[in-house]
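**Student:** Pasted the sequence and its predicted model underneath.
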Amino acid sequence: MREDPIQVCSDLWVRSFSRSQLIPSFSNLTGFLRKFDLWILAYQRACAHYTGCFPPKNAIHLPELRGLLALRQAVLSGGHFWGASTNLLVRSPNDLPSTRRISKRKFLARLGSSPPPFQDRVIQELLLLVLEPVFEPRFSPKSHAFRPGRSAHTVIRSIRTGFAGYLWFLKADLTNVADNFTPNLILTCMEKAVGDRKVLGLVKSALSTPVKAVNGNTDKVLDKLTKRRMKRKMLRKSRKKVVLKENELKPDPYWLRTFFSFVPEEADWVPVYGNCGILSPLLANICLTELDNWMEDRIVKYFSPSKLDSIWKESIDDGCHNPAWPEFVPSSGREKTRRMDYVRYGSFILVGLRGPREDVVELKKSLIEFCETRYGLRLENSRIEIEHITRGIQFLDHIISRRVIYPTLHYTATGGSIVSKKGVGTLLSVTASLNQCIRQFRRLELVKGDKDPEPLPCTPMLYSGQAHTNSQMNRLLETMADWYKYADNRKKIVGFCAYVIRSSIAKLFAARYRLKSRAKVYKIASRDLSRPLRESTRNSSPEYSDLLRMGLVDTIDGVQFSHMSLIPSCDYTPFPRNWIPEHEWVLHEFIKLQDPKFFCELLKSIKHKKLSSPQDDISKLVWDFKICGIFSRTNHGNCKQIVKIAEASNHEKIRVSGL
């Protein structure tokens, strides 16, 4: 180990972002596979996935280091086989050595149903460290899934900022196409940026090697009575107290499992290609980048400005809103500017179009033809929907619609007189879907009914204390409030979730503490359930305040958002049109500073403003202090001025970049 792996990865990121897309692909990536420091980092990341903790370098024992060296040699020499369950070179920290003998039949059964080996995860982590910085500069800014710095929130904010004024929307589901990408297609897309045969061969072998089925049991036809008995057995098993083994991972807490069940349909899709594992989402983005580039070309060609329209008159980068209402779009004028925009989250795309419906139908046909000619797969007609803005479009569990408003516009006419005129416009509305939220709660068995849902007791928390139950539900509510951060009806949707969860906990407490109804629970524990509830017994026990003072009980936090005024409002922070994540902005700024031309221009601007560089001022300060033994006040004032100018420019950069 000779280098810092973080520094090696950082240099690769800088090198990738400083290269132009016209430059040929990376032809030598095998050198990164030879760096043992990257293997150590990949091993640490794999251990963090399996054990939940990131082991330091000095905690890796000598047998593991020898195994990593042998695995590196096997990968470089082409002797590694994906999915191999025998002759493992590197084992998971959770795999305990077994000294008990087993029969040949049981041994073969374990080999047939064994999960993917740990050493495959290490190689996948290494390939991800090497390939992700190579392809990130080539990805389109229209894609937001499986990429650092981008998420579902950036999709919603992009829609709110850039989709105002569109009348027709095309929503397509490419899951069937993306799940059936062939190895030849994936490698063809990779060869545009990677020319290293060793890396391409390693990915090809992972795609071509068949994956073993973890569970080899066939589905049996069971009658209703057997299914009911199995359901009761599983319910008793889930309620039974589980004692974890040594070095066994703790299961996810209840609030996290519950929030994961609220995942939208668009975010639930995760591709899996052969033995690629965590490398599969990156490969899916590599292939779908062809679609992104095709759509960007169509956006530029479709743009047709109209002088009679009040928006998008000059160029495609013109803003479509005024600063008073970020989503306000004037609707005056007969002739409209034709324009199109597009976002993609995973295998789901959303296209907004301002123009006639015939153009959307033509775009739908072109999309089907593109998937058939480029990917060799036909996109089903039922997977594409064309909807008008008045009907509302659901995307990522948010409904995109519009509201017509009639604001009063004040402007100065000829002669200096102020004219007030009634205007007409549309306001883009992005609201959370209440029906989808009720559907998810009903699937979790927390409510029953559709139109007027009734909360049900939260049975999974039956054997937890009051303090633990409240803390779990508070984390769930905080996470849901953050998920609906950019929804117009944030107060309404979070208030409904808080009502369901608070009522479910109250019914649970009523059953646990032998109270008749949740009204009595609220009477004793208050509306936020922060006061202690104890089962009535004959034996006298100390008060809760005494137990709390002695440290024998936990502090009971009240359930959040018990009143509507406590729920935060929607975040309407402006989202820049040409927004890029923070790490990309830092990379571009760092690359500029490394350019000698940019540095010379910076020095010229300092001399033009009759300022001295910070290096000159520091050298003067040191010289005066060493030779004269005094601190120069003129230099001190000049330094203050430079610091103020630097801070002002820094604030301006942060404001412009939207950080």
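**Tutor:** Okay, I see it.
**Student:** Please identify the helix or strand for Val351.
**Tutor:** Secondary structure assignment for Val351, by DSSP states H and E: strand 348-354.
**Student:** Asn381 - how many residues pack around it?
**Tutor:** Using other C-beta atoms under 10 Å, Asn381 has 9 other residues around it. The way it works is simple: take the backbone N, C-alpha and C, and place the C-beta from them, glycine included.
**Student:** All further residue positions should be reported with the first residue as 7.
**Tutor:** OK, 7 is where the count begins now, so the last one is Asn387.
**Student:** ok, it - contacts?
**Tutor:** Ile374 (C-beta atoms under 8 Å, 6 or more residues apart in numbering).
**Student:** re earlier: and the strand holding Val357, how far out from the chain middle?
**Tutor:** How far strand 354-360 lies from its chain's middle: 20 Å, per C-alpha atoms, centre = their mean, to the nearest Å.
**Student:** Then stretch 485-500?
**Tutor:** Worked out by C-alpha atoms, centre = their mean, stretch 485-500 lies 17 Å from the chain centre.
**Student:** ok, which stretches of the stretch 207-356 of the chain are helices?
**Tutor:** For the stretch 207-356 of the chain, the helices defined by DSSP state H, counting those that start in this stretch cover 230-245, 260-266, 286-308.
**Student:** about what we covered before: give me the sheet partners of the strand holding Val357 and which way each runs.
**Tutor:** With DSSP bridges as the test, strand 354-360 is paired with strand 174-179 (antiparallel), strand 345-351 (antiparallel).
**Student:** of all those, which gets the most neighbours per residue?
**Tutor:** strand 345-351 (a mean of 23; mean count of other C-beta atoms under 10 Å).
**Student:** Tell me which residues are up against that one.
**Tutor:** Strand 345-351 is contacted by residues 146, 148-151, 158, 161, 164-165, 168-169, 171-172, 272-273, 294, 297-298, 301-302, 304-305, 308-310, 318, 322, 355-361, 369, 402 when judged by C-beta under 8 Å, 6+ apart.
**Student:** per-domain residue ranges of this protein.
**Tutor:** 7-101+109-144, 147-201+211-216+256-437, 440-556, 618-660 (the TED database).
**Student:** The ones you listed into JSON lines, with extra columns for mean pLDDT and distance to His569?
**Tutor:** Below are the domains of the chain laid out as JSON lines (pLDDT from 0 to 100; distance: least, C-beta to C-beta, whole Å):
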{"stretch": "domain 7-101+109-144", "mean pLDDT": "86", "distance to His569": "37"}
{"stretch": "domain 147-201+211-216+256-437", "mean pLDDT": "85", "distance to His569": "21"}
{"stretch": "domain 440-556", "mean pLDDT": "85", "distance to His569": "8"}
{"stretch": "domain 618-660", "mean pLDDT": "60", "distance to His569": "35"}
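**Student:** any idea where the strands of the stretch 557-665 of the chain begin and end?
**Tutor:** In the stretch 557-665 of the chain, no strands are defined using DSSP state E, counting those that start in this stretch.
**Student:** Emit the ChimeraX select command for whichever of the contacts of strand 345-351 are buried.
**Tutor:** Command for ChimeraX that selects the buried part of the contacts of strand 345-351, burial taken from 16 or more other C-beta atoms under 10 Å:
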select :146,148,149,150,151,158,161,164,165,168,169,171,172,272,273,294,297,298,301,304,305,308,318,355,356,357,358,359,360,361,369,402
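**Student:** relative to strand 174-179, how tilted is the one helix or strand Ile392 maps to?
**Tutor:** Assessed by DSSP H and E, Ile392 sits inside strand 390-394. Angle, strand 390-394 to strand 174-179, by axes from the mean of the first three to the mean of the last three C-alpha atoms, to 10 degrees: 160 degrees.
**Student:** Quick one: distance of whichever helix or strand comes after strand 390-394 to the chain centre.
**Tutor:** Moving toward the C-terminus from strand 390-394, the next helix or strand (DSSP H and E) is strand 399-401. Offset of strand 399-401 from its chain centre (C-alpha atoms, centre = their mean): 18 Å.
**Student:** Arg153 versus the residue nearest to Asn299 when sequence neighbours are not counted, what's the distance?
**Tutor:** Ranked by C-beta to C-beta, 6 or more residues apart in numbering and with sequence neighbours excluded, the top spatial neighbour of Asn299 is Ser146, at 6.5 Å. Per C-beta to C-beta, to the nearest Å, Ser146 is found 10 Å from Arg153.
**Student:** repeat for Leu193
**Tutor:** Where Arg153 is concerned, Leu193 sits at a distance of 21 Å (C-beta to C-beta).
**Student:** Mind jotting down where the strands sit in the protein?
**Tutor:** According to DSSP state E, the chain carries its strands in the segments 174-179, 334-336, 345-351, 354-360, 390-394, 399-401, 404-411, 414-418, 424-428, 431-438, 453-454, 460-461.
**Student:** in the fifth one, what's buried?
**Tutor:** Counting neighbours by 16+ other C-beta under 10 Å, one finds that the buried residues in strand 390-394 are Ile390, Ile392.
**Student:** just the CA coordinates of the strand holding Ile392, formatted as PDB?
**Tutor:** Provided in PDB are the C-alpha atoms of strand 390-394 (Å, rounded to 0.1, in the frame of the first residue of the first chain):
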ATOM      1  CA  ILE A 390     -47.000   4.800 -22.700                       C
ATOM      2  CA  GLU A 391     -49.600   7.300 -21.600                       C
ATOM      3  CA  ILE A 392     -50.600  10.600 -23.100                       C
ATOM      4  CA  GLU A 393     -52.400  13.000 -20.700                       C
ATOM      5  CA  HIS A 394     -53.500  16.600 -20.600                       C
END
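**Student:** Provide a list of residues in contact with the closest residue to Tyr56 other than its chain neighbours.
**Tutor:** Leaving aside its sequence neighbours, Tyr56 sits nearest to Ser98 (C-beta to C-beta, 6+ apart; 5.2 Å). Counting by C-beta under 8 Å, 6+ apart, Ser98 makes contact with Cys53, Tyr56, Phe124.
**Student:** Over to Glu9?
**Tutor:** Lys41, Asp43.
**Student:** Kindly report the same for the one 3 residues further on.
**Tutor:** Contact analysis of Ile12 by C-beta under 8 Å, 6+ apart lists Leu47.
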